[in-house]
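Make a model of this:
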Amino acid sequence: MQGSYSLLVLQVVATAAISTARGVSFAGAHTGAGLAIYGVSRTSGAIGDPVPIDCIGTTLMESGAAVTAGAAVEVDSVGRAINFAAGVKVGRALSAASAAGQMVEVLLFPAA
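Numbering: from 1, shown residues only. Model (predicted):
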């Protein structure tokens, strides 16, 4: 069963449109492919909106491709979870996705 058990929810001011369940940078926008994240957006937001983000704990992330349960994950070019290949590990998938657009539960690794 998937869920979200966030231990720390912070907020960023969106500097670009933010979609729900995507990796967000310290600058308040979706992260680039393979980059570190500040957290994962709990809601969507337009420029200037405060957006809550999960920073520690588990969260639901939209998948950018098939994701393997138990695999380390990184983000794609729009902040979706994908199996780790060469970027920054942002968490570990606790559930699987068979294709892009599905929700996966991710145990977040704290931002360095």
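
now the end-to-end length of stretch 96-109.
With CA to CA, to the nearest Å as the measure, stretch 96-109 spans 18 Å from end to end.

actually stretch 84-93, not the one I wrote
End-to-end distance of stretch 84-93 (CA to CA): 10 Å.

What number of neighbouring residues does residue 90 come out with?
Close neighbours of residue 90, defined as other CB atoms under 10 Å, add up to 27. C-beta: built from backbone N, CA, C; applies to glycine.

ah, wrong one, I meant residue 48
Residue 48 has 9 nearby residues by other CB under 10 Å.

I'd say residue 38 and residue 25 touch.
Yes: taking contacts as CB atoms under 8 Å, residue 38 lies within contact range of residue 25: 5.8 Å.

Let me know the pLDDT of the residue nearest to residue 42 when sequence neighbours are not counted.
Once flanking residues are discounted, residue 42 sits nearest to residue 52: 4.5 Å by CB to CB, 6 or more residues apart in numbering. Residue 52 carries a pLDDT value of 97.

how close does the residue lying closest to residue 70 once chain neighbours are set aside get to residue 38?
Using CB to CB, 6+ apart and skipping the chain neighbours, the partner closest in space to residue 70 is residue 93 (6.5 Å). Residue 93 sits 19 Å away from residue 38, going by CB to CB, to the nearest Å.

wait, the residue nearest to residue 42 sits on residue 9?
Yes: contact criterion CB under 8 Å: residue 52 and residue 9 qualify, at 5.3 Å.

Mind listing the shared neighbours of the two?
Residues touching both residue 52 and residue 9 (CB atoms under 8 Å, 6 or more residues apart in numbering): residue 42.
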